[in-house]
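J.: Test case, fold it:
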Amino acid sequence: MHCFFLDNIFVCGCKRLLLDEYGRHQARLARKIYEAMAKNLNLDPRQSKSYLSESTGFVRVHRYPRISPGNQAWGAPVHTDSSVLSILNQDQLGGLEAFRGNKWLPVKPIANTLIVNLGDMMQAISNDEYLSVKHRVRVNNQKDRISINYFVFPDLDCNIQSSRYKPFTYKDFHAQAQRDIETLGFKAALESFKLNV
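T.: Below you'll find the model as predicted:
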């Protein structure tokens, strides 16, 4: 069973069943994407299996209410996902922006496509060969924006082994991220585990 976190959206039983089925499909897709990446990185198959735990996967539906014309607002401020990866299904309004090459680029919606964001855990697992995607969401001034995300993580006690980071568990990472948010106002947890290499 997948967990659902719904931002300002009431979901009836029928829609909940659809989201549960959607989550199962996304879990299978996430596993296939992860396995291809792990193979490309030449990760030990036994070790790498523990880095992606489908039991941690969940679907989150975001609703970003429209804003008054002439105003600008961020539905989600600049951040990286803590996950191994996330799979995004965004509506056709757009608003997602990714940071690349020292500038913000709009991620244009393409009908019937999904967006895969790599998270902090994949960056650590890959020894920085794959980088966590810095992104944000701009609110639309004409319509509400809806997106459906599937996130998946390592088990809490999974030991992340990397040549660029001190060994840590996802539980350690999550605790550090919470401390960062309380003290800094943003998450910088991955940098806390980085080795000086």
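J.: all strands for the protein, in order.
T.: Ranges of strands within the chain are 3-6, 53-64, 74-79, 85-90, 96-100, 103-106, 115-118, 135-138, 145-153, 159-160, 168-169, based on DSSP state E.
J.: weakest of those strands by average pLDDT?
T.: Mean pLDDT across the strands of the chain is lowest at strand 3-6; the value there is a mean of 46.
J.: And the closest residue to Lys166 other than its chain neighbours, how far from Pro154?
T.: Ranked by Cβ to Cβ, 6 or more residues apart in numbering and with sequence neighbours excluded, the top spatial neighbour of Lys166 is Phe193, at 4.9 Å. Glycine gets a C-beta too; all of them are placed from N, C-alpha and C. With the distance defined as Cβ to Cβ, to the nearest Å, Phe193 ends up 14 Å from Pro154.
J.: of these two, who's got more company?
T.: Pro154 (23 against 18; other Cβ atoms under 10 Å).
J.: residues in contact with the more buried one?
T.: Contact partners of Pro154, counting by Cβ atoms under 8 Å, 6 or more residues apart in numbering, are Ser50, Tyr51, Leu52, Ser53, Thr56, Val84, Met121, Ile160, Thr169, Tyr170.
J.: can you name the two of these that are farthest apart?
T.: Based on Cβ to Cβ, the longest span within the contacts of Pro154 runs between Leu52 and Thr169 and measures 14.6 Å.
J.: Between those two, which is the more surrounded one?
T.: In this view Leu52 and Thr169 are compared by other Cβ under 10 Å, and Leu52 has more residues nearby, 27 against 15.
J.: Okay, now the unreliable bits of the chain?
T.: For the chain, residues meeting the criterion pLDDT under 70 lie at 1-14, 69-71, 197.
J.: now the helices: where do they sit in it?
T.: Secondary structure of the chain (DSSP state H): helices located at 13-40, 45-49, 120-125, 170-184, 189-192.
J.: Which of those sits closest to Asp144?
T.: helix 13-40 (16.5 Å).
J.: tilt between the closest one and strand 85-90?
T.: Counting by axes from the mean of the first three to the mean of the last three Cα atoms, to 10 degrees, helix 13-40 lies at 130 degrees to strand 85-90.
J.: relative to strand 53-64, how tilted is helix 13-40?
T.: Relative orientation of helix 13-40 versus strand 53-64 (the same axes, to 10 degrees): 120 degrees.
J.: Buried residues in helix 13-40, which are they?
T.: Leu19, Tyr22, Gly23, Arg24, Gln26, Ala27, Ala30, Ile33, Tyr34, Met37, Ala38 (16 or more other Cβ atoms under 10 Å).
J.: How about stretch 152-161?
T.: Neighbour counts over stretch 152-161 (16+ other Cβ under 10 Å) mark Val152, Phe153, Pro154, Cys158, Ile160, Gln161 as buried.
J.: same thing with stretch 114-128?
T.: So stretch 114-128, judged by 16+ other Cβ under 10 Å, has buried residues Ile115, Asn117, Leu118, Gly119, Asp120, Met121, Met122, Gln123, Ala124, Ile125, Ser126, Asp128.
J.: about what we covered before: okay if I get the contacts of Pro154 as a markdown table plus distance to Val107?
T.: Listed next are these as a markdown table, based on distance: Cβ to Cβ, whole Å:
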| residue | distance to Val107 |
| --- | --- |
| Ser50 | 31 |
| Tyr51 | 26 |
| Leu52 | 24 |
| Ser53 | 27 |
| Thr56 | 25 |
| Val84 | 20 |
| Met121 | 21 |
| Ile160 | 28 |
| Thr169 | 32 |
| Tyr170 | 27 |
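J.: Alright, calling it a day.
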